[in-house]
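> just the structure for this:
(3 chains)
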Amino acid sequence: MNRMAAWWEKIIGRSYALRLVDIHLRGAGQVMLQNNPLTGLLFIIGIVWGAIAAGDPEPAIGAVVGLVAATLTAMLLRSDKTSLEHGLFGFNGILVGAAVPTFLVMGPAAWFLLVIGAAVSTIAMLAVSHVTKPWGIPALTFPFVLTTWFLVLAAYSFGHLPIGIMGPPQLPVAPGSSAAGADLSAGLLFSACFRGISQVFLIDNGITGVIFVAALLVSSPWAAGLAIIGSTVSVLGASALGASAAEIGSGLYGFSPVLTAIALGCVFFRPSWRVALFALLGTVFSIIVQGALNAAVAPVGIPTFTAAFVFVTWLFLLPKVDLEPHRHEPVSNGIMTDK
Amino acid sequence: MNRMAAWWEKIIGRSYALRLVDIHLRGAGQVMLQNNPLTGLLFIIGIVWGAIAAGDPEPAIGAVVGLVAATLTAMLLRSDKTSLEHGLFGFNGILVGAAVPTFLVMGPAAWFLLVIGAAVSTIAMLAVSHVTKPWGIPALTFPFVLTTWFLVLAAYSFGHLPIGIMGPPQLPVAPGSSAAGADLSAGLLFSACFRGISQVFLIDNGITGVIFVAALLVSSPWAAGLAIIGSTVSVLGASALGASAAEIGSGLYGFSPVLTAIALGCVFFRPSWRVALFALLGTVFSIIVQGALNAAVAPVGIPTFTAAFVFVTWLFLLPKVDLEPHRHEPVSNGIMTDK
Amino acid sequence: MNRMAAWWEKIIGRSYALRLVDIHLRGAGQVMLQNNPLTGLLFIIGIVWGAIAAGDPEPAIGAVVGLVAATLTAMLLRSDKTSLEHGLFGFNGILVGAAVPTFLVMGPAAWFLLVIGAAVSTIAMLAVSHVTKPWGIPALTFPFVLTTWFLVLAAYSFGHLPIGIMGPPQLPVAPGSSAAGADLSAGLLFSACFRGISQVFLIDNGITGVIFVAALLVSSPWAAGLAIIGSTVSVLGASALGASAAEIGSGLYGFSPVLTAIALGCVFFRPSWRVALFALLGTVFSIIVQGALNAAVAPVGIPTFTAAFVFVTWLFLLPKVDLEPHRHEPVSNGIMTDK
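Next comes the predicted model:
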């Protein structure tokens, strides 16, 4: 791997265009906290696969447009070069770009919204990183969540932003004990587990989930393993609590616990038994917070995005509990890097 | 009192088990900002009384379970020893434990939720204390509020967490001038005043309120007096503004102003005439914020808990107005202590 | 202008009463970030004109009462003298005072609420300024927004605070593409543009908007120009996105972009082409956030106030992007001053 990385460094050193490609691919990889261009490439392949399988290429096109718009904005704003080269100004943009076509019907106004939103996601990344700096915690995907909440909420006020599959706004309704409880066959568990991983990029496709695991494997076996464990825990936990079988099956309880498991289990803490227990508590609490936020956003008819991951991971990183052989990555300019 | 405290110190010095009991009792006492084991013991007695009188022991059992789970979590995380011994890792857990059985129907999943929530309340306490440290303000009961909002909101997504007396979610409706205004007899005022104090622990029982005042008296006559004044002001103020007579009568406008009055009037400022006026303004504003938050949470069908107290007290502590013979207590590790 | 300012300084140096008048007028001027008593006087004249034209003097009376109550509170709390003399403790109070009679039916309880709210707006100003100090950003009108959200939300809980034109609470409804799109005649554009400026003080009156522009011109031609540009951009942008023609016509998409344009375009950055583009992006994003917040507050039936301005301007100030010949004003005591 190291020889390959060195070879790749040499290649991109020769050409500004290849350097730019590298930055964008790392931006994709950083969605799951991996600073690795091959991981990013496989993520994009997984997105394209999922979009084509669903018969709608727009989320994949939007993802690439968002990634480019966000990265370009960072360059125009002359942002920190190291952070830029690690892809830290791309991962929020790619998510904005994947999210807008998933929930809105695309047209000129919606594409305009997507580009503005991706550009603002970079400003939000700089802003959130500056705010969280005193406490030594990273922005995570909060810039994406915040920006995209504004974008999709705005669709309820603007007639030229027609809504696709989102909402409608409704008051939360308690499900009732009888309605609850999926019968968890091994097949359903397997499918739901990988769909949970694919939903990190808002894709509902098991094969995309498998591609994403392969993408993680290239960068970090720990991350790949924790993604599968986090997703499995989320399916089992959500079932035990009595979540809707349809939502579990589509991976909608998985994407936040997956990210929490990776972040707490191997990115911000060094793996150990105590860390494993701590990360498990965080993963389980992510399931609860996902359920809570589903109810909280219901009256305004928007998705939660990865807010559950962000809130729980912040909550669990802030205490600086002493189980940590502290973060093993340097912090540059208030932004967590993964060199 | 000092001789009794010294005697108690000697007793608990002899036995780890008694030291543990002391820590837990102080944890109960800290709910009203009192670092005193006898106060904590009387609080627990008041809770048990109220639960038995209401024919449902589960809130009392939950309170003790939550207190133990939160304190144990702090010990497992090797949290600051002084803060631990002052009970600062218990008061959020006891409130989580009292709240869950008050609003949900208890079963295996709900008890699991309660224990996870109490454990997370300790992590939230560490996190919030770390966040508020730069401004020199305490976490207050915000870790409880935040954690328990997640827990009870989740009940709208999970079928195995049946909801008891909470919600249903509804849009706020302006009450109309005619419906307003309780006829305040002296008896009603007296009852509502003590129920407001008992509601700090989510108990609706006048005798529990009297026990709580006795508990405060043991630790601080100022706190006891301010609790009664705060509760009386809340009943009169809420009536003057035209709040629902039923809610006033159950003490639902009292618990936050009571805590604000204690916090601003004698815990974080030294009593004086200027402080009294400042605390009175804070207490009155707590009534308004309680009414505001009642409307704000209506669409998602959850209780406000002590959020009005937290928000108003933070707002009034943050300015560091110069009327303060500043806080008379040391701050340890970013967490306000009351040694 | 400088000679006039010097003459005015001499005049108010002679009399405590005139000094007080000066402080209050600057408080009015600071609503649009201008530390200028003549600007403030013209703002008040514009408010009075708008209130009389609408046949209801109460918003104008409330504005003056709120301005005085907030300023007096700052004096009683012995707040920072320089900030006080720059009017930084008046602008939130005048907005609280204008807002309460705009949305509630005034009576004894509502006037009490207004005065309490204006006093608390000063405490909130101190609190928010203290919180934002580590990041070097100003409180903007957030103290007004926060305080007044509490005040008007409380009207849904208190029968003696009857609601005027506000709400009713409702779930957001997507407008549908057909309903969208105002036919923008030049006359409508002109009227909507100036109403957008008048709505900064919650007034819906084109002539008031013209008076406000004159008021800005006295203090800063840049600010006057940016107010007109910001408002024009908001009308065109909201139309292009398909906002309700009635809301555009009443200036309801204008007040936040106007403030964002002034703040980013000439107050916190020195005007330049790069700043102009940055401010334009912020102004456009303010339109989107205004639409988003309109949907977000719908279920609780309250206005957004200037929250869109505050959130977007914070987001764009926090990155400290290097295009800035940095803020040209000294920061005193964590509060942005405009000496």
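> C-alpha only now, for contacts and for neighbours.
Fine.
> and chain A, which residues reach chain C?
A:77-79, A:109, A:116, A:123-124, A:126-128, A:130-131, A:149-163, A:168-170, A:299-301 (Cα under 8 Å from any Cα of the partner chain).
> quick one: buried ones out of those?
Buried members of the residues of chain A next to chain C, counted by 16 or more other Cα atoms under 10 Å in any protein chain shown: A:77, A:79, A:109, A:116, A:123-124, A:126-128, A:130-131, A:149-163, A:168-170, A:299-301.
> out of those residues, which are inside helices?
A:109, A:116, A:123-124, A:126-128, A:130-131, A:149-154 (DSSP state H).
> check which residues of the host helix or strand of A:Cys193 are buried.
Assigned by DSSP states H and E, A:Cys193 belongs to helix A:186-198. Buried positions in helix A:186-198, judged by neighbour count with 16+ other Cα under 10 Å: A:189-198.
> how far is the next helix or strand after it from where the chain is centred?
Next along the chain after helix A:186-198, taking DSSP H and E as the criterion, comes helix A:206-219. Remark: helix A:206-219 is offset 14 Å from the chain centroid, using Cα atoms, centre = their mean, to the nearest Å.
> element containing the residue in chain A that chain B sits nearest to?
Per Cα to the nearest Cα, A:Ala292 is where chain A lies closest to chain B, at 3.9 Å. Element membership of A:Ala292 [criterion: DSSP H and E] is helix A:273-297.
> quick one: mean pLDDT over that helix.
Mean pLDDT, computed over helix A:273-297, is 97.
> please name the residues that touch the residue in chain A that chain C sits nearest to.
Nearest to chain C, among the residues of chain A, is A:Ala154, at 3.9 Å (Cα to the nearest Cα). A:Ala154 makes contact with C:288-293, C:295, according to Cα atoms under 8 Å, 6 or more residues apart in numbering or on different chains.
> would you list those in CSV and tack on distance to A:Thr232 and neighbour count?
As requested, the contacts of A:Ala154 are exported to CSV (distance: Cα to Cα, whole Å; neighbours: other Cα atoms under 10 Å in any protein chain shown):
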residue, distance to A:Thr232, neighbour count
C:Ile288, 38, 30
C:Val289, 37, 26
C:Gln290, 40, 29
C:Gly291, 39, 27
C:Ala292, 35, 24
C:Leu293, 36, 22
C:Ala295, 36, 27
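> and of those residues, the nearest to chain A?
Nearest to chain A, judged by Cα to the nearest Cα, of those is C:Ala292 at 3.9 Å.
> go ahead and confirm the closest one touches A:Leu153.
Yes - C:Ala292 is within contact range of A:Leu153, at 4.5 Å (criterion: Cα atoms under 8 Å).
> quick check: domain ranges of chain A?
A:14-165, A:186-332 (automatic domain parsing).
> go through those domains and name the closest to C:Gly27.
Checking the domains of chain A against C:Gly27 by Cα to Cα gives domain A:14-165 as the closest, at 28.8 Å.
> so how far is that closest one from its chain's centroid?
Worked out by Cα atoms, centre = their mean, domain A:14-165 lies 10 Å from the chain centre.
> do me a favour and average the pLDDT over that domain.
For domain A:14-165, mean pLDDT rounds to 96.
> repeat for stretch A:190-206
Here the average pLDDT along stretch A:190-206 is 96.
> who touches it?
A:47, A:50-51, A:95, A:98-99, A:102, A:207-210, A:212-213, A:227-228, A:231-232, A:235, A:248-256, A:258-259, A:306.
> measure it end to end?
Stretch A:190-206 has its terminal residues 9 Å apart, counting by Cα to Cα, to the nearest Å.
> mind checking how far that stretch is from the chain centre?
So, by Cα atoms, centre = their mean, the centroid of stretch A:190-206 is 12 Å from its chain's centroid.
> now, which of the contacts of stretch A:190-206 lie within strands?
Using DSSP state E to define strands, no part of the contacts of stretch A:190-206 is located there.
> among those, the buried ones, what's the PyMOL command?
Remark: buried members of those, expressed as a PyMOL selection using 16+ other Cα under 10 Å:
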select buried, chain A and resi 47+50+51+95+98+99+102+207+208+209+210+212+213+227+228+231+232+235+248+249+250+251+252+253+254+255+256+258+259+306
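> is any part of whichever strand or helix holds A:Gly237 close to chain B?
Assessed by DSSP H and E, A:Gly237 sits inside helix A:221-241. Yes - Helix A:221-241 lies within reach of chain B by Cα under 8 Å from any Cα, at A:238, A:240-241.
> buried residues, that helix. List them.
Of the residues in helix A:221-241, those buried (16+ other Cα under 10 Å) are A:223-224, A:226-241.
> likewise for stretch A:10-26?
Those would be A:19-26, for stretch A:10-26 by 16+ other Cα under 10 Å.
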